[in-house]
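K.L.:
Okay, predicted coordinates and the sequence, questions at the end:
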Amino acid sequence: MREEKPKSPSQKNKSQKNRWFWPAIYAGIAIVFVGMIWGYNAFIQKGPNETADVAIDPNAPPLVETNAANEVLKFPFKEDHLDEVAIIQEYYDADANEESRENALLVFNQTYKTNTGISLSMNDQPFEVIAALSGTVKEVVIDEFQGSEITIEHANGMTTIYSSLTGILVKEGDEVTQGQSLATAASNEWNTKAGTHLHFEVHKDGNPVNPRSLLGF
């Protein structure tokens, strides 16, 4: 029989390297696979308040204005009170019949003023006044005699005015969303005939329009 020659040191090293080559490859693939699974789970388990980092365009319009451009005017009170709310003083329309025009005259100290909005009452009780559209609060006037007033400008060229208020919750410059609570309807000394009410006006491009033409009263 032929004697087997002992392996040289270089052959031994080569054999040891071959022994670990494939296990190392398999281990590397397993690590990559586990990492992919972990990353996917972390992505889908992000909370609702976590968002990806995205570039924000500084010239993009504010979100409130973007939403308002697509909104339709809504009632300045919660719609579930619609059956309880009545128009007690109409918008003055020169083309309306005599009774409607007379009802649209506001009287104080024997002085007549045509109504550029509508007066809304809920059985002479206070009620929550809300924003009819999203927009920016242009002005807040505190006036106990005539009733405090809020003016809001909107992205669609409209302006809404809410007066005969108390407990105002917003200030000039605030961004408000449609349906947001603004104040509470109240009475005032200037228009005692209306009792507790909301005086609501809508202006389009600076001119008053009849809110009834835009709302389903």
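P.N.:
Looks like it arrived, so ask away.
K.L.:
Residue 205 - how many residues pack around it?
P.N.:
Neighbours of residue 205 under the rule other CB atoms under 10 Å: 8. Backbone N, C-alpha and C define where each C-beta goes, glycine included.
K.L.:
Ignore what I typed, I meant residue 94.
P.N.:
By the criterion of other CB under 10 Å, residue 94 has 7 neighbours.
K.L.:
Using the three-state scheme, assign the closest residue to it other than its chain neighbours.
P.N.:
Spatially, and ignoring its direct neighbours in sequence, residue 94 is nearest to residue 101 (7.4 Å; CB to CB, 6 or more residues apart in numbering). Under DSSP: H, G, I helix; E, B strand; the rest coil, residue 101 falls in the helix class.
K.L.:
try the one 5 residues further on
P.N.:
When the structure is reduced to helix, strand and coil (three-state DSSP), residue 106 reads as strand.
K.L.:
what helix or strand does the nearest residue to it once chain neighbours are set aside sit in?
P.N.:
Nearest residue to residue 106, sequence neighbours excluded (CB to CB, 6+ apart): residue 113, at 4.6 Å. Here residue 113, judged by DSSP states H and E, is contained in strand 111-114.
K.L.:
which helices and strands sit right next to that strand?
P.N.:
strand 105-108 (3 or more CB pairs under 8 Å, 6 or more residues apart in numbering; DSSP states H and E).
K.L.:
if we can go back for a sec, contacts for the strand holding residue 113, please.
P.N.:
92, 104-107 (CB atoms under 8 Å, 6 or more residues apart in numbering).
K.L.:
For stretch 125-144, list every residue counted as buried.
P.N.:
126-137, 140 (16 or more other CB atoms under 10 Å).
K.L.:
Just the C-alphas of that stretch, formatted as CSV.
P.N.:
In CSV, the C-alpha atoms belonging to stretch 125-144 read as follows (Å, rounded to 0.1, in the frame of the first residue of the first chain):
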residue,chain,number,x,y,z
GLN,A,125,-82.5,80.9,23.8
PRO,A,126,-78.7,81.1,23.6
PHE,A,127,-77.1,78.7,21.1
GLU,A,128,-73.7,77.8,19.8
VAL,A,129,-72.5,79.8,16.8
ILE,A,130,-70.1,78.0,14.4
ALA,A,131,-68.0,79.0,11.4
ALA,A,132,-70.0,78.6,8.2
LEU,A,133,-66.7,78.2,6.2
SER,A,134,-63.0,77.8,7.0
GLY,A,135,-61.0,81.0,6.9
THR,A,136,-59.1,83.6,8.8
VAL,A,137,-60.6,85.8,11.6
LYS,A,138,-60.2,89.4,10.2
GLU,A,139,-61.7,91.2,13.1
VAL,A,140,-63.3,90.8,16.6
VAL,A,141,-65.3,93.6,18.0
ILE,A,142,-66.4,93.6,21.6
ASP,A,143,-69.5,95.7,22.0
GLU,A,144,-72.0,95.1,24.8
